[in-house]
Structure formats: C-alpha cells, structure tokens
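> what would the 3D arrangement of this be:
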Amino acid sequence: MPVLEVEDLAVSFRQYSTGLRQTELKVIHGLHLSIEPGEITAVFGASGSGKSLLAHAVLGILPGNATVTGEIRFDGVPLTRERQETLRGREIALVPQSVNYLDPLMRVGKQVEASVCGASRSFRLNSVLEVFKRYKLGPDTAGKFPFQLSGGMARRVLVSTATLSGARLIIADEPTPGLDAEALAEALRLFKQLAQEGCAVMLISHDIEAALQIADKVAVFYAGTTVEVAAAGDFSGDGSRLRHPYTRALWNALPQNKFAPIPGVQPHPNAMPPGCLFAPRCSLATGECAAARPAVREIRGGKVSCLHVT
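Residues are numbered from 1 along each chain as shown. All right, here's what the predicted structure looks like:
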C-alpha cells in the first residue's frame, strides 16, 4: 500500500477584488501522485506549477483562505485536518527549502531534540548526539547556533530533525539549491539512506540532473496539473521513452541535451486556457485538445495526461 496517495487534488484561494468582492483563484487543478515505502519520488515542474503547494496541502499548513478538494490518503486512510495535526512532525516530516527555518536564537541541539517525542531528557540528548554522529556532525554541533554552521551542516541538521521524528513520509522541498558538488552529493546520500530504511521520500526539485541520481520515480507538474508520472530511468537518451510533450520538451531543454527552449510560457492561474493546459505551447495540439482536459491514463508503464500518447 502506498504511504501517500493524492488523487485529483485542487487548491484555490479566496481573494478580494474591486469593491471588496471575493473571487476564487484556482492554482492547482488536478494533481495525482503516490509514493510507496522505501521509494523516492522526485517532483519536477516550473515555478508556479504546484510543487510546494502540494507539500503544504499534505502537511495541512495552507493559509486560512485556501480551499482544498480531491483526496489525500496516508496509509490508505483520508488525511483529514485532525490526522494532519496528529501526524505532522511525527509520521510526516518536512525538510524545508531554506535553512532559515532553523530558529536563529536557539542552539541547534535543542531544536533537533524537540523532534524526539516523549522519552527522558537523557534519551533525547543521546539521540541527538547519535544522529549527529551518523550525519558526520561533531558533538560540539549541538551547542552551536545556526549562524555558526556552514550551509551543508545546516541541511544535515534539518535532515537530522526529520530522521529523529521517526517519520514514514519525508517531504524535501528544494533541499539542494546553492550547494557545491560535495555538499550536493552528501544531501542526496542522506535522502537515499532514509529511503533504504523504509521511508517514503517526496523530493521537490528544480535540479533534474541531481534528483535523477537517487529518484525511483518522477512526477512532472505543469500549471497545477500532473502531466506525467514515469520511472526515473525513462529520463535518458533523447527522451523518446517519455510520454508527454511537455516532459520531453523539459528534458530536451537541459544544457546536456539539446538545450532547446520551450516556446511560450506557463499560463497564469487567472488566464487558464480551456482544455489541455499545455495545448497553446504544444506542436501536437488539435482542436480536440482545447475541448476538454485529458484524463490521466496508464501508458507504457507510466501515467500521462495527453490525448495523443499511445
């Protein structure tokens, strides 16, 4: 059974327009995703495609003006707000995008210790020292403040917090930006190790090349929809094993591939086209594509939202 299942997730935000009239801005239209125990699922997509909003929806930390429809299940059971509050920080943990999530006024040992539920103080302290040793952080790290850590050390502290929580689902939201090659390899190794221990890992990233080093599966988002879910091995060669036109274009736009730009831009939530959201930029688009949004289908061992894929 998947640890996490997301089906037809939609998220909209209430906003005020002229004359204090309320409007609904729909930013996620139909996201689909599942993650098995011990699996790393990388989530790719341009800024504004819904990657971080998905993470926040799973964690139950969207702002109060958000409306969520569709279904999110954890261990096969719907993830209600009450369950989210119970599981957050315990069964579901976030490794945030920025190391600024660490409290600048609290020593990092204290911050990591807070993730150990129950038990005695001595047990919690020993747990912190053990996890720091595991991630090659010296025992003196616990007494330091965040500003005294390097970027790589701070990220290892954040991963330590998720590890000690005992979470079965780790959501890593852009955990590798700005890291040098050595720190990047170390961060990827940490997530791979967590998966090998049975955790389900959602790795949200713009760095396709890095994420593919450890990912088992890839979900590609576009304008708040899931356009493709494919095995990581399908991202190879000329991209011919990929299914959706956007995924292939994304792959071929990388410098190590054809470095071919994708014409057009991702639509703004206020100006979504009818039918397939990628149709205005797609060379395969027909009138049928503009009539209705394509359903997600299973094709060649993956999932895709496109009428023309066979």
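
> how about the residue positioned nearest the centre of the chain, what does it touch?
With distances taken as C-alpha atoms, centre = their mean, I204 lies nearest the centre of the chain, 3.2 Å away. I204 sits next to A42, V43, K51, S52, L54, A55, I171, A172, D173, E174 when contact means C-beta atoms under 8 Å, 6 or more residues apart in numbering. To be clear about C-beta, it is placed using only N, CA and C from the backbone, and glycine gets the same treatment.

> from these, which would you call buried?
Neighbour-count burial (16 or more other C-beta atoms under 10 Å) is assigned, among the contacts of I204, to A42, V43, K51, S52, L54, A55, I171, A172, D173, E174.

> out of those, which two sit at the greatest distance?
Pairwise distances across these peak at 14.2 Å for A42 and S52 (criterion: C-beta to C-beta).

> got the buried residues for the longest helix seen in the chain?
Criterion DSSP state H: the longest helix present in the chain is helix 181-196. Using 16+ other C-beta under 10 Å as the test for burial, helix 181-196 gives A183, L184, E186, A187, L188, L190, F191, L194, A195.

> now do the next helix-or-strand element following that helix: distance to the chain's middle.
With elements assigned by DSSP states H and E, the helix or strand that comes after helix 181-196 is strand 200-204. Taking C-alpha atoms, centre = their mean, to the nearest Å, one finds the center of strand 200-204 at 6 Å from the center of the full chain.

> and strand 200-204, which strands flank it?
strand 40-44 (parallel), strand 169-173 (parallel) (DSSP bridges).

> need the contact list for the residue nearest to V95 when sequence neighbours are not counted.
Spatial nearest neighbour of V95, chain neighbours left out: A172 (4.3 Å); criterion: C-beta to C-beta, 6 or more residues apart in numbering. By C-beta under 8 Å, 6+ apart, A172 lies in contact with L94, V95, F191, V201, M202, L203, I204.

> widest-spaced pair of those residues?
L94 and F191 (13.1 Å).

> now stretch 58-67: buried residues?
V58, L59, G60, A66.

> for the helix or strand harbouring V159, C-alpha coordinates in CSV please.
Of the helices and strands defined by DSSP H and E, V159 is found in helix 151-164. Provided in CSV are the C-alpha atoms of helix 151-164 (Å, rounded to 0.1, in the frame of the first residue of the first chain):
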residue,chain,number,x,y,z
GLY,A,151,25.2,25.5,4.6
GLY,A,152,25.9,21.8,4.3
MET,A,153,25.9,21.4,8.1
ALA,A,154,22.6,23.3,8.5
ARG,A,155,21.0,21.0,5.9
ARG,A,156,22.3,17.9,7.8
VAL,A,157,20.7,19.4,11.0
LEU,A,158,17.4,19.7,9.2
VAL,A,159,17.6,16.1,7.9
SER,A,160,18.5,15.0,11.5
THR,A,161,15.3,16.6,12.7
ALA,A,162,13.3,14.6,10.2
THR,A,163,15.2,11.4,10.9
LEU,A,164,14.6,11.6,14.7
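
> show me the helices in the stretch 51-200 of the chain, by range?
51-59, 81-87, 108-113, 121-134, 151-164, 181-196 (DSSP state H, counting those that start in this stretch).

> mind putting these into CSV with mean pLDDT and distance to V3?
Formatted as CSV, those follow (pLDDT from 0 to 100; distance: least, C-beta to C-beta, whole Å):
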stretch, mean pLDDT, distance to V3
helix 51-59, 95, 11
helix 81-87, 94, 11
helix 108-113, 92, 23
helix 121-134, 88, 22
helix 151-164, 85, 14
helix 181-196, 85, 11
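
> and of these, who's closest to A219?
helix 51-59 (9.1 Å).

> which stretches in the stretch 201-310 of the chain count as strands?
Ranges of strands within the stretch 201-310 of the chain are 217-222, 225-231, 297-299, 302-304, based on DSSP state E, counting those that start in this stretch.

> neighbouring strands for the first one, and are they parallel or not?
Read that as strand 217-222. strand 40-44 (parallel), strand 225-231 (antiparallel).

> comparing these, which comes out most buried?
Comparing the strands paired with strand 217-222 by mean neighbour count (mean count of other C-beta atoms under 10 Å), strand 40-44 comes out on top with a mean of 26.

> contacts for that one next, please.
Contacts for strand 40-44 (C-beta under 8 Å, 6+ apart): 33, 35, 51, 54, 191-192, 195, 200-206, 208, 211-212, 214-221, 232, 250.

> got the angle for that strand vs helix 181-196?
Here the directions of strand 40-44 and helix 181-196 differ by 130 degrees (axes from the mean of the first three to the mean of the last three C-alpha atoms, to 10 degrees).
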